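K.L.:
3D, please:
(2 chains)
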Amino acid sequence: MDPAGASVASDNGGEGEKFAVGNIYSVKVITGDEFRGIVMAYDPIPNFVFFEEGSKPRPGHMKNTRMVNASFITGLSYLGKAEDPLDADKCSVDLHGLRAKEALAIRQAEADAERMGVGVTAEAQSIFDALSKTLPVQWENTDILVMKEVRVRSPYYSDCVFGGTDAANNRVKKVLDLERRRLQLGT
Amino acid sequence: MSIQPIQSETSSNGAPAFNGEAGSLERLSRDRLVYLTTCKIGHHVEVHLKNGSMYIGIFHAADVDKDFGIILKMACLIKEGTLRGHKSRSEFVRKPPSKTFIIPADELVQVVAKDLSVSWNGMSNAVQSEKPMELLTDSSISQSYHVDRERQLKPWVPDESVPLRADLDNVFDNPWNRKWNQFEANESLFGVKSTFDEELYTTKLERGTQTKELEEQARRIANEIEGETTRDLHVAEERGLKLKEKFDFDEEARYSSVSRVTGLDDSGLDEEDNAQLDTCNDLTFGSSSISDGQKPISSGKGCEELQGDSQSSRDNTNVDQSCSTSKQQSKDPPAAGSSISESQLDERRRTNNNQEVSHNNRSAEESTSGHGDIDESAKNGGGAESASKAVTERERQVSQGSGKSKSESSPGQSASRSSESRPAPSTSSRSGLSPSSSVGSMNSSEKSTLNPNAKEFIFNPKAKSFKPVQPAAARPQSPIADASFYYPAPSNVPPVQQMPGMPPVNYGVPPYPGNQQPMMYYQQPYYHPSGQPQYPQQQQIMPGQQQQQMVHGQQQQQMVHGQQQPRPVYYMPQQPPPYQQDMPPYHNQGRE
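P.N.:
Numbers count the residues shown, from 1 in each chain, chains lettered A, B, ... in the order given. Below you'll find the model as predicted:
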């Protein structure tokens, strides 16, 4: 692992210690991304810097943050100094709450994943989403299965609707047409 | 590479094994980094990799011991890094999310976490800004995460075929100003003839010899009405008047038919209701002013509240009766028949004469709380009986409260009385009504403005004593009551002192102010009337209280006075030692 500073172009004019807490930098990384941030934490051993995005600390407890691998910083310019974005008095971690938050997020993500088609285009996905507002739909490979009996095949036009009773079939066709028109996808 | 979940690293003394000298500084910086990384657990983050690809997922762990490689859960690829051009998301073909995704540090460029909570703000890190309990809001149900196709918005251009708007400019003017007659327009455009005949909808207007005068009169009256100023918002709007009041009426206030008048219980009262209330007041209190010199308004307020609850006048009279009966009782103490109350009422009369002011205040308070009670009983549909009963309870408690200060009654009575008077302060604090209501003031100097038709008040000795809703609200002074409070099952544990015929009872250690370790070793009162009374090995004494004498009075207890340490009381009439093992179950019960 590169020791800090070896692969980084840095100018040390007046900033004191490198990546001192409170320093404001303009950062560029090797992916091309650029941003401005205030240093919240830095550890040279793993060589990671924790920035708060922005040029001045956002008041309150919520911040947009970036944890950057300092080894991949290609451009760094010192912009000034700000106060410590972290209020040391209020820093506490509720592990239990965090775990619960994570579990909840995972559950929601899994539910979302159910609704996401695998290997389908975004257009297909938006049709699926539109249909799911009023009809029970699920993915079956790349087919949309409506009410477990009507099948909409790619490319999801009303002539691709098969199965189910006449009434259900017509209904799905109609809804599909309307949703397409609403989404301006063209019927 | 071994990934250690960050959960084990949260304590700030996860000191790294290396690096002794710059130890504290390093540790500080590492700690900050570890702390901030911990805050990200469960948060949705966006991860940029060295090859340009981007993933989003739920932050799960980071290897803080080594190089900060991270683990994501339910990670989705949102941008391919290998392609040079930037494909827009909409054309991207979806892949299923990876349940667990490990990113080594040397591929990790940055982790972006938006709106991350980094310090405590009154709520735990996890709870803030998350919908609790997986509430499914409509927007979350209907929203799809990856909807990125938005319609191109085009500015609206008016249709050319629509006729000029000039004709419609004055549509909302007064009818005689409009230059556009819809009926004419219809007839010309569509050939529709109007068959409107005014007389179908209204009485025929006779135009005779006196038409001119009648019209003059009508016009005069109409102008008069229309010219009236009004405070009503809606009427003013109709007439086109602008009320001078503050202009923060929103649409709802202006156009809703629900009138919201702020201020106490007299919501929705109009001028008509006020007149009603005045008559109610007169009925109850007579037209003469109250002796205290307080205006009838305050009493009217009390009456208002009652009326607000029960609209029917019948209930009013019932309540009025109880109001009057309460006053009657104060006025005619001899009317009460019970001996106890008589003696106390005598005391009360004395109190009345001696300390009228303080008593007034207190009784006023009690009586307002009495009103609160009347409210409830009226609400419950109770008739005059229950209302008056509730009121009498109050009177009794008030009288008892004052009697207690005299301390003339026997101690046996005082115990029960103290428990009864206990609710009084709590309810008076609970009612919170205007203290100076003169409705129930028990002045003996009150004039006879009472309702002569009211039922005579009969004291009911069997009436249930009032128990407040929150027993913990009023903390009694006697330690006995404290002890009884901690007993789970036996709510009928008698107080220790002065219980003739009862063997010594166990009681736990009530939490005295100085008592730091409340140990709840106790047991149910366990005695055998016929059994051999045995003596506990240890005695726990409540400071300041005499230990109970044994039933049969054979052997004296060992008084261990001054023993301040709370120790468990073991009282086993039958077998002392084995019962000691039984303590834990009760002990546990007491822990709650």
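
K.L.:
going forward, measure contacts and count neighbours with C-alpha atoms only.
P.N.:
OK.

K.L.:
Under the pLDDT cut-off, which ranges of chain B? List them.
P.N.:
When residues are selected by pLDDT under 70, those of chain B lie in B:1-23, B:25-26, B:81-95, B:121-151, B:161-178, B:241-248, B:259-450, B:469-592.

K.L.:
all helices for chain A, in order.
P.N.:
Remark: helices assigned in chain A by DSSP state H are A:95-115, A:122-132, A:166-183.

K.L.:
Could you count how many residues lie near residue A:67?
P.N.:
24 (other Cα atoms under 10 Å in any protein chain shown).

K.L.:
which residues does it bridge with?
P.N.:
Here residue A:67 sits in beta bridges with residue A:50, residue B:111, going by DSSP bridges.

K.L.:
Now chain A against chain B: closest residue?
P.N.:
Chain B sits closest to residue A:102 of chain A, with a gap of 3.6 Å, by Cα to the nearest Cα.

K.L.:
helix, strand or coil for the residue nearest to that residue when sequence neighbours are not counted?
P.N.:
Of all residues not flanking residue A:102 in the chain, residue B:42 sits nearest, at 3.6 Å (Cα to Cα, 6 or more residues apart in numbering or on different chains). At residue B:42 the chain is in coil, as set by DSSP: H, G, I helix; E, B strand; the rest coil.

K.L.:
Out of the helices of chain A, which one sits most buried?
P.N.:
helix A:122-132 (a mean of 22; mean count of other Cα atoms under 10 Å in any protein chain shown).

K.L.:
Alpha carbons only: can I get that helix in CSV?
P.N.:
Presented in CSV, the C-alpha positions along helix A:122-132 are these (Å, rounded to 0.1, in the frame of the first residue of the first chain):
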residue,chain,number,x,y,z
ALA,A,122,-35.4,0.2,-18.5
GLU,A,123,-38.4,0.6,-20.7
ALA,A,124,-39.7,-2.8,-19.7
GLN,A,125,-39.1,-1.9,-16.1
SER,A,126,-41.1,1.2,-16.3
ILE,A,127,-43.9,-0.6,-18.0
PHE,A,128,-43.8,-3.1,-15.2
ASP,A,129,-43.8,-0.4,-12.6
ALA,A,130,-46.7,1.3,-14.3
LEU,A,131,-48.7,-1.8,-14.5
SER,A,132,-47.9,-2.7,-10.9
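
K.L.:
any residue of that helix up close to chain B?
P.N.:
Yes: contact of helix A:122-132 with chain B (Cα under 8 Å from any Cα of the partner chain) involves A:122-123, A:126, A:129.

K.L.:
for stretch A:111-121, same thing?
P.N.:
Yes: counting by Cα under 8 Å from any Cα, chain B is contacted by stretch A:111-121 at A:113, A:116-121.

K.L.:
so what's the residue of chain A closest to chain B up against?
P.N.:
B:41-43, B:58-60 (Cα atoms under 8 Å, 6 or more residues apart in numbering or on different chains).

K.L.:
Closest one of these to residue B:199?
P.N.:
residue B:43 (74.0 Å; Cα to Cα).

K.L.:
so that closest one makes contact with residue B:58?
P.N.:
Yes: between residue B:43 and residue B:58 there is a contact at 5.5 Å, judged by Cα atoms under 8 Å.

K.L.:
Compare neighbour counts for these two and give me the winner.
P.N.:
It is residue B:58, of residue B:43 and residue B:58, that has more neighbours when counted by other Cα under 10 Å, with 28 against 22.

K.L.:
element containing the more buried one?
P.N.:
strand B:54-62 (DSSP states H and E).

K.L.:
I'd like to know which elements that strand is packed against.
P.N.:
helix A:95-115, strand B:44-49, strand B:70-79 (3 or more Cα pairs under 8 Å, 6 or more residues apart in numbering or on different chains; DSSP states H and E).

K.L.:
between that strand and strand B:44-49, how big is the angle?
P.N.:
Angle of strand B:54-62 versus strand B:44-49, following axes from the mean of the first three to the mean of the last three Cα atoms, to 10 degrees, is 110 degrees.

K.L.:
And for stretch B:188-201, what's in contact with it?
P.N.:
So stretch B:188-201 is contacted by B:183, B:186-187 (Cα under 8 Å, 6+ apart).

K.L.:
and the end-to-end length of it?
P.N.:
26 Å (Cα to Cα, to the nearest Å).

K.L.:
Thought residue B:58 was touching the residue nearest to residue A:102, still the case?
P.N.:
Yes: using Cα under 8 Å, residue B:42 is in contact with residue B:58, at 5.5 Å.

K.L.:
who does the nearest residue to residue B:102 once chain neighbours are set aside bridge with?
P.N.:
Among residues not flanking residue B:102 along the chain, residue B:71 sits closest, at 4.5 Å (Cα to Cα, 6+ apart). Residue B:71 has these beta-bridge partners by DSSP bridges: residue B:61, residue B:102.

K.L.:
Counting neighbours, what do you get for residue B:71?
P.N.:
So residue B:71, with other Cα under 10 Å, has 20 neighbours.

K.L.:
give me every residue that touches it.
P.N.:
Residue B:71 neighbours (Cα under 8 Å, 6+ apart): B:59-62, B:100-103.

K.L.:
got CSV for the residues you listed, with neighbour count too?
P.N.:
CSV is the format used below for these (neighbours: other Cα atoms under 10 Å in any protein chain shown):
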residue, neighbour count
B:59, 28
B:60, 27
B:61, 23
B:62, 28
B:100, 14
B:101, 19
B:102, 16
B:103, 16
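
K.L.:
Tell me which two in those are the farthest apart.
P.N.:
B:62 and B:100 (12.8 Å).

K.L.:
ok, of the contacts of residue B:71, which one's closest to residue A:23?
P.N.:
residue B:62 (24.6 Å).

K.L.:
gap between the closest one and residue B:33?
P.N.:
11 Å.

K.L.:
Next one: the closest residue to residue A:143 other than its chain neighbours relative to residue A:145, how far apart?
P.N.:
Leaving aside its sequence neighbours, residue A:143 sits nearest to residue A:153 (Cα to Cα, 6+ apart; 4.8 Å). With distances taken as Cα to Cα, residue A:153 is found 9 Å from residue A:145.

K.L.:
Could you do residue A:74 as well?
P.N.:
49 Å.

K.L.:
For those two, indicate the residue with more neighbours.
P.N.:
residue A:145 (21 against 17).

K.L.:
list the contacts for that one?
P.N.:
Taking Cα under 8 Å, 6+ apart, we find residue A:145 in contact with A:137-139, A:151-152.

K.L.:
do that again at 10 Å, thanks
P.N.:
A:128, A:136-139, A:151-153, A:161-163 (Cα atoms under 10 Å, 6 or more residues apart in numbering or on different chains).
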